[in-house]
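Peer 1: sequence plus the predicted model coming up.
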Amino acid sequence: VSLRGGTRTVVVGGGCSGTLLAIELASRMSGGVGEVIVVDPAAMPGRGVAYGTSCPSHLLNVRAGQMSAHLDRPGHFAAWIEDRVPGTSARSFAPRMLYGMYLEDAWLEARANAPDGISLTHVRAAARAVHPATRGDAMGVDLDDGTTLEADQVVLAMGNLSLAIPHRRAGIAASSRYVVDPWQAEALDAITGDVLLIGTGLTAIDVAFALEDRGHGGTITALSRHGLLPRAHRRDGAAFAPQDSGVPAERTIRSLTARLRRVTADREDWRDAVDEMRPHVAQLWRELPDVERRRFLRHVSRYWEVHRHRLPPSAANRVAALAATGYLSVRAGAVEAHRDTAHGVEVCIRHRGQDSGRTERLEFAHVINCTGPPLAVALAGDPLLDQLLATGQVLPGPYGLGLDVDADGAILDRNGAPSRTLWAIGPLRRGAEWETTAVREIRAQAVALAGRLSGRVTNTHRVSDHQVGVMIDPPRAVSDYRWRGSPSATSS
Ligand SMILES: Cc1cc2nc3c(=O)[nH]c(=O)nc-3n(C[C@H](O)[C@H](O)[C@H](O)COP(=O)(O)OP(=O)(O)OC[C@H]3O[C@@H](n4cnc5c(N)ncnc54)[C@H](O)[C@@H]3O)c2cc1C
């Protein structure tokens with residue numbers, strides 16, 4: 001499908017990142033002509049992995065008041081949910097599936113309100129290859145349905161890469177009882193009996209809640225090297241009033257950790273110290289010397305992550321209750337060996353921490369991968385990323401995390417020169433920014449990147465109305481999305 005005038009931006013991936021970028025971009029293109037096309041296999045852009053869950057126990061880990069899709073309309077999501085679920089407020093931790101509906105509504109609203117001359121469309125497909133410009137400035141995006149979209153600029157928004165990686169099936173992952181991707185719609189349907197979760201973070205807690213909801217009829221053991229569970233948000237829901245004293249001057253992990261301790265001692269709550277540091281993390285990460293970034297990855301990142309990505313108080317209470325009944329136990333250690341048996345898999349666990357060095361053999365019916373999305377692009381086995389890497393159009397980011405991009409998300413070439421046509425947003429900026437996965441950061445990236453990209457809109461030609469040839473989502477009434485679940489699933 002070829003260009004018909006104006007500027008065409010193809011956004012690969014219609015999760016939260018791609019959707020927010022497309023919405024921002026279309027709204028800024030007023031006065032020009034152009035097209036924004038989101039390519040994603042889903043029925044509609046918006047949900048992606050995080051908000052595609054259908055489990056009401058999966059809550060946002062951020063209060064509704066901070067989850068607006070729009071930087072300039074801070075209470076937008078809170079108002080949306082208050083209208084739909086009685087008893088909710090800006091302090092509520094809403095079910096993630098509702099946030100997915102909200103993002104879909106934001107997409108529909110943006111499409112309906114697209115400025116004159118601007119089209120915002122969804123092509124229901126997966127991108128398999130991107131070809132650099134061969135004629136003029138036009139790039140080609142090959143889709144899995146055999147068509148090719150021409151584009152002036154392409155934004156990679158593939159987000160949380162798939163966990164289904166065949167060539168990583170070594171160790172416990174080679175067991176026939178191993179569930180690679182618990183986010184797949186039916187992944188947990190056949191799970192019964194005692195279960196081992198590899199990982200003790202937010203994914204493990206999601207899986208534990210989903211299994212308990214289903215009455216899976218066994219126990220859950222969650223195992224990770226440090227056995228660290230995410231900490232909880234403040235129970236009182238007190239508004240966070242940052243005392244922002246600017247970007248910290250420290251440039252070593254030791255001095256930054258000392259600063260965090262100092263600030264914690266000064267504040268009413270340790271969470272304030274973490275939240276005050278957070279807006280500066282991307283800049284700190286970019287400016288820390290290599291040796292310090294490595295030190296962070298090796299010694300500090302796990303501790304930072306469990307304090308930074310916190311659980312809603314109701315979820316933390318539920319974890320504590322599951323642990324108290326013996327249904328859920330959390331261990332620090334590693335799988336040393338495994339052997340498939342007639343009824344499951346026997347796992348040899350080497351303990352760390354209190355029981356350091358002790359080994360234990362336990363039998364489980366299933367083992368579930370809860371390590372979260374793969375961050376190392378070269379190992380992810382993603383067909384599009386593999387093609388982009390093999391053709392030298394992208395390079396892995398620092399430490400193999402995400403892609404190598406500049407501060408605006410422009411893909412960098414081998415000489416460090418930013419591309420004018422290929423960009424990345426969201427989790428793919430992990431190596432360059434570290435703090436790049438939550439809605440707060442994605443929303444800010446979307447605004448900044450839309451500003452850059454909209455500067456390239458042509459003002460001369462008008463795009464003729466056209467179908468992009470592939471499936472374009474039909475308009476749906478907002479009332480279709482009214483959530484009829486129990487409001488009690490929402491907590492504050
Ligand atoms: C379980 C979970 C819970 C979270 N909870 C919160 C929270 O409460 N609050 C918060 O602020 N943040 C939260 N986050 C973080 C953050 O909001 C998400 O990581 C964010 O949604 C990332 O969006 P994304 O669009 O970049 O990626 P994704 O959600 O992974 O979406 C990427 C999309 O790209 C598509 N795609 C991939 N490859 C291709 C291709 N080749 N062609 C076409 N399409 C493709 C995928 O199908 C998918 O739809 C959570 C993250 C996770 C994983």
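Peer 2: Perfect, I can see it now. Residues are numbered from 1 along each chain as shown.

Peer 1: now do the contacts for Phe385.
Peer 2: Heads up, residue 385 is Leu, not Phe. By Cβ atoms under 8 Å, 6 or more residues apart in numbering, the contact list for Leu385 reads Met158, Leu161, Val377, Val394. Every residue, glycine included, has its C-beta placed from N, CA and C.

Peer 1: out of those, which touch the ligand?
Peer 2: Of the residues in the contacts of Leu385, proximity to the ligand by Cβ under 6 Å from any ligand atom holds for Met158.

Peer 1: what's the most distant pair in the contacts of Leu385?
Peer 2: Of all pairs drawn from these, the widest gap by Cβ to Cβ lies between Leu161 and Val394 and measures 13.4 Å.

Peer 1: Gly146 belongs to a helix?
Peer 2: No: looking at Gly146 with DSSP: H, G, I helix; E, B strand; the rest coil, it is coil, so not inside a helix.

Peer 1: burial count for it?
Peer 2: Using other Cβ atoms under 10 Å, the number of residues around Gly146 comes to 9.

Peer 1: could you do Ser162 as well?
Peer 2: By the measure other Cβ under 10 Å, the count of residues near Ser162 is 17.

Peer 1: now swap in the one 10 residues further on and tell me
Peer 2: Neighbours of Ile172 under the rule other Cβ under 10 Å: 20.

Peer 1: next one: Leu143
Peer 2: Other residues lying near Leu143 total 22 when counted by other Cβ under 10 Å.

Peer 1: how far does the helix or strand hosting Ala450 sit from the chain's center?
Peer 2: Per DSSP states H and E: Ala450 is located in helix 439-454. Its chain's C-alpha centre lies 15 Å from the corresponding centre of helix 439-454 when counted by Cα atoms, centre = their mean, to the nearest Å.

Peer 1: now do the strands in the stretch 151-300 of the chain.
Peer 2: Under the criterion DSSP state E, counting those that start in this stretch, strands of the stretch 151-300 of the chain are mapped to 153-156, 178-179, 195-198, 220-224.

Peer 1: lowest average pLDDT across the ones you listed?
Peer 2: Summarising mean pLDDT across those, the least confident stretch is strand 178-179, with a mean of 93.

Peer 1: elements contacting it?
Peer 2: Using 3 or more Cβ pairs under 8 Å, 6 or more residues apart in numbering; DSSP states H and E as the contact criterion, the elements in contact with strand 178-179 are strand 366-369.

Peer 1: give me the contact list for the strand it packs on.
Peer 2: By Cβ under 8 Å, 6+ apart, the residues outside strand 366-369 that reach it are 163, 172-173, 175, 177-182, 188, 191, 193, 195-199, 207, 338, 344-345, 347.

Peer 1: neighbouring strands for that strand, and are they parallel or not?
Peer 2: Paired neighbours of strand 366-369 in the sheet (DSSP bridges): strand 178-179 (parallel), strand 195-198 (parallel).

Peer 1: nearest to Ser92, of those?
Peer 2: That would be, of the strands paired with strand 366-369 and by Cβ to Cβ, strand 195-198, which comes in at 27.3 Å.

Peer 1: got any ranges where the stretch 351-492 of the chain has weak pLDDT?
Peer 2: Flagging of the stretch 351-492 of the chain using pLDDT under 70 yields the residue ranges 456-492.

Peer 1: try 50
Peer 2: Judged by pLDDT under 50, the stretch 351-492 of the chain has its weakly predicted residues at 457-492.

Peer 1: need the strands paired with strand 366-369 in JSON lines with distance to Ala417, can you?
Peer 2: Output for the strands paired with strand 366-369, formatted as JSON lines (distance: least, Cβ to Cβ, whole Å):
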{"stretch": "strand 178-179", "distance to Ala417": "43"}
{"stretch": "strand 195-198", "distance to Ala417": "40"}
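
Peer 1: what's the most buried one of these?
Peer 2: Across the strands paired with strand 366-369, the average number of neighbours (mean count of other Cβ atoms under 10 Å) peaks for strand 195-198, which reaches a mean of 26.
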